[in-house]
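Participant: Please find the sequence and the predicted model below.
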Amino acid sequence: MASLISCPHCGSRPKEEFTVKGAALARPEADADEATWFDHVYLRDNPRGLYDEYWHHTSGCRRWLVVTRDTATHDIAAVRDAADKKEAAQ
Amino acid sequence: MRYSALSLLMNGLRGNASWKPAWREPEPKPHYDVIIIGGGGHGLATAYYLAKEFGVRNVAVLEKNYIGSGNVGRNTTIIRSNYLLLGNNPFYELSMKLWEGLEQDFNFNAMVSQRGVLNLIHSDAQRDAYTRRGNAMRLHGVDAELLDRAAVKEMLPFLDFDNARFPIQGGLIQRRGGTVRHDGVAWGYARGADSFGVDIIQNCEVTAIRRENGKVLGVDTNKGFIGCGKLAVAVAGNSSQVASMVDMKLPIESHALQAFVSEGLKPFIDCVVTFGAGHFYVSQSDKGGLVFGGDIEGYNSYAQRGNLACVEHVIEAGKAMIPGLSRVRVLRSWGGIMDMSMDGTPIIDKTHIDNLYLNAGWCYGGFKATPASGFCFAHLIAKNEPHEVTRQMRLDRFERGYLIDEKGQGAQPNLH
């Protein structure tokens, strides 16, 4: 895996500075039905290839980032601030 | 050929020229009663018990690589049944009982060594937690013993007992736990299954699953189409990939876990010992190498290798427990891909497709479960109903709210 992550605020930083939350999923509406919430909380696409994840820059700017990473090669394709992510809430 | 001291002697006298291969290398037949995808420990054990215990012998095991190339040959070889929860403990204890009779059962030396598994205690709270766990184990009829500081010191005097932050206050030991030679397990089950007529087909990758009217017809592979009556999936690490062939989305993420072995040393650790203040576990192999490991990497991965940050983390935890490790050189490390489930517990269940069965979600505890996983999965496939000890390991437990969360972490797979 690339050992450096290019934080949009701090620049290129070692990955040890970050905490991984996991899949960057769009949060359903609070009153969404049970099946939607079940899917959101428990089911994962778990792809072999590009994947959007939430990473927290714990030892840096403390911003939540969306890191697009290849799960087979560990290459990082893109990093952006989570606030810039367009959430397609269902 | 049955292995025995006599067969060893006679073959030795004949110059070891008459040993036969331990299993055949057959071409796939057009149709099997049961196809098992995945020639790892669990798949091979399933085939073995299907044939031996449940009389289902028209079985094929399809492995995309060579058998034992996945997680069964990539773990730290530890066996134990020191689980707390009702949904887990009887299952792992069944596994322990099967380990105890395994070598006689499949006539293969898997080097089962019940050298004891010791979990260290560093605080009062941790002693309470381990006392509870030990009591739960004993209520299930499993051996557990709480050791005080002096008893641990007598066993392992070289631990850092007076570490300023994490002094060692005692430990919980399961003396029946220990280690097994992991490759031997794959080979033993393969040889055993083969002797009952199971076809083990290596370098045979499943590329698609054919369905008709809600039933599986068979699988497309790089060796052509193979039909089946029932299809069983035991491909931990790649479960989501295979499930996606039938449009299923699983409560699983794939994560990389590393294991390490040091240079050979004279004997000094005669049990398995785990650090209680971090994630680190170590034993010493018969060749003298220290075999150890720690946490998963924390991010989804399908690469069978880890990252240096995790290497550093594991070695730091190890050195905090055994200061002498700072002088030991690591020989090699390797990675395997874990099916991390949403509650840290595996799934052995039927699916919404009538003749498709799923064995998945082993997190990083799959090796110790190999015999019971195979036995219970074979039971499910043959009888179409779960074995008594896997009744709670259902695929729909997440939806129904009956999670088996041993660690109490919730739906956050990288923390289990």
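Facilitator: Right, received. Where do you want to start? Remember, it's a predicted structure, so these values are computed and weren't measured experimentally.
Participant: which residue does chain A bring closest to chain B?
Facilitator: Closest contact between chain A and chain B, by CB to the nearest CB, is at residue A:46 (3.7 Å). Using the backbone N, CA and C atoms, a C-beta is placed for each residue, glycine as well.
Participant: Residue B:338 is in contact with that residue, correct?
Facilitator: No: counting by CB atoms under 8 Å, residue A:46 stays clear of residue B:338, with 11.7 Å between them.
Participant: joint contacts of the two?
Facilitator: By CB atoms under 8 Å, 6 or more residues apart in numbering or on different chains, residue A:46 and residue B:338 have these common neighbours: residue B:254.
Participant: The residue nearest the centre of chain B: helix or strand, and which one exactly?
Facilitator: Chain B has residue B:367 as the residue nearest its centroid, 1.4 Å off, counting by CA atoms, centre = their mean. Under the criterion of DSSP states H and E, residue B:367 resides outside all helices and strands.
Participant: just the residues of chain A that are near chain B, which are they?
Facilitator: Within chain A, the positions adjacent to chain B are A:1, A:3, A:14-16, A:20, A:22-23, A:38-39, A:41-48, A:51, A:53, A:69, A:71-74 by CB under 8 Å from any CB of the partner chain.
Participant: do that again at 10 Å, thanks
Facilitator: A:1-3, A:14-16, A:18-23, A:34-35, A:38-49, A:51, A:53, A:55, A:67, A:69-74 (CB under 10 Å from any CB of the partner chain).
Participant: quick revisit: for the residue of chain A closest to chain B, what are its contacts?
Facilitator: Going by CB atoms under 10 Å, 6 or more residues apart in numbering or on different chains, residue A:46 touches A:23, A:71, B:238-241, B:243-244, B:249-255, B:300, B:302, B:339-340, B:413.
Participant: Report the buried members of those.
Facilitator: Using 16 or more other CB atoms under 10 Å in any protein chain shown as the burial test, the contacts of residue A:46 include A:23, A:71, B:238-241, B:243-244, B:250-255, B:300, B:302, B:339-340, B:413 as buried.
Participant: partners of the helix or strand residue B:256 falls within, with directions?
Facilitator: Applying DSSP H and E as the criterion places residue B:256 in strand B:252-264. Counting by DSSP bridges, the strands paired with strand B:252-264 are strand B:289-300 (antiparallel), strand B:330-341 (antiparallel).
Participant: any chance you could map the helices in the chain?
Facilitator: By default, I'm working from chain A. A:34-42 (DSSP state H).
Participant: The intended chain is chain B.
Facilitator: B:5-13, B:41-53, B:89-106, B:124-139, B:149-155, B:182-195, B:239-243, B:308-321, B:370-383, B:397-400.
Participant: from those, which stretch is densest packed?
Facilitator: Comparing these by mean neighbour count (mean count of other CB atoms under 10 Å in any protein chain shown), helix B:41-53 ranks first with a mean of 29.
Participant: now for that one, which elements pack on it?
Facilitator: Contacts defined by 3 or more CB pairs under 10 Å, 6 or more residues apart in numbering or on different chains; DSSP states H and E place helix B:41-53 against strand B:31-37, strand B:59-62, helix B:89-106, helix B:182-195, strand B:199-201, strand B:224-233, strand B:356-360, helix B:370-383.
Participant: what about residue 21, how many neighbours?
Facilitator: No chain was given, so I picked chain A. Residue A:21 is flanked by 17 other residues according to other CB atoms under 10 Å in any protein chain shown.
Participant: That was the other one, I meant chain B.
Facilitator: Using other CB under 10 Å, residue B:21 has 9 neighbouring residues.
Participant: Residue B:261 now?
Facilitator: 18.
Participant: residues contacting it?
Facilitator: For residue B:261, the contacting residues are B:76, B:285, B:287, B:289-293, B:330-334, by CB under 10 Å, 6+ apart.
Participant: Which residue is the nearest non-sequential neighbour of it?
Facilitator: Leaving aside its sequence neighbours, residue B:261 sits nearest to residue B:289 (CB to CB, 6 or more residues apart in numbering or on different chains; 4.4 Å).
Participant: is it true that residue A:10 touches residue A:17?
Facilitator: Yes: with contact defined as CB atoms under 10 Å, residue A:10 and residue A:17 form a contacting pair (8.4 Å).
Participant: Mind listing the shared neighbours of the two?
Facilitator: Common neighbours of residue A:10 and residue A:17 (CB under 10 Å, 6+ apart) are A:57, A:59, A:60, A:61.
Participant: Next, the contact list for the third one, please.
Facilitator: Translated: residue A:60. With contacts defined as CB under 10 Å, 6+ apart, the neighbours of residue A:60 are A:5, A:7, A:9, A:10, A:11, A:13, A:14, A:17, A:18.
Participant: same check, this time on residue B:363
Facilitator: B:236, B:252, B:255, B:257, B:296, B:338-341, B:343-346, B:406-407, B:413, B:416.
Participant: and if we set it to 8 Å?
Facilitator: Per CB under 8 Å, 6+ apart, neighbours of residue B:363: B:338, B:339, B:340, B:341, B:344, B:345, B:346, B:416.
Participant: can I get these in a markdown table with distance to residue B:30?
Facilitator: Converted to a markdown table, these look like this (distance: CB to CB, whole Å):
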| residue | distance to residue B:30 |
| --- | --- |
| B:338 | 35 |
| B:339 | 31 |
| B:340 | 37 |
| B:341 | 35 |
| B:344 | 41 |
| B:345 | 38 |
| B:346 | 32 |
| B:416 | 42 |
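Participant: now for those, which pair is the farthest apart?
Facilitator: Pairwise distances across the contacts of residue B:363 (CB to CB) peak at 13.1 Å, for the pair B:338 and B:345.
Participant: Please point out which parts of stretch B:269-286 sit buried.
Facilitator: Neighbour-count burial for stretch B:269-286, counted by 16+ other CB under 10 Å, picks out B:269, B:271-278, B:280-285.
Participant: Just the terminal-to-terminal distance for it.
Facilitator: End-to-end distance of stretch B:269-286: 11 Å, with CA to CA, to the nearest Å as the criterion.
Participant: any idea of the mean pLDDT for stretch B:176-189?
Facilitator: In this model, stretch B:176-189 has a mean pLDDT of 98.
Participant: Surely residue B:384 is in contact with residue B:350?
Facilitator: Yes: using CB under 8 Å, residue B:384 makes contact with residue B:350 at a distance of 7.4 Å.
Participant: So which of these two has more stuff around it?
Facilitator: residue B:350 (18 against 12).
Participant: So for the closest residue to the more buried one other than its chain neighbours, what's the pLDDT?
Facilitator: Leaving aside its chain neighbours, residue B:350 sits nearest to residue B:357 (5.9 Å; criterion: CB to CB, 6+ apart). On the pLDDT scale, residue B:357 is placed at 98.
Participant: any low-confidence regions in chain A?
Facilitator: In the predicted model of chain A, residues A:1-2, A:85-90 satisfy pLDDT under 70.
Participant: got it, and the stretch 301-416 of chain B?
Facilitator: Within the stretch 301-416 of chain B, no range satisfies pLDDT under 70.
Participant: List, one by one, the residues from it near chain A.
Facilitator: Residues of the stretch 301-416 of chain B lying near chain A (CB under 8 Å from any CB): B:301-303, B:307-309, B:342, B:398-399, B:411-414.
Participant: Identify the farthest-apart pair in those.
Facilitator: Spanning the widest gap among those are B:308 and B:399, at 39.1 Å by CB to CB.
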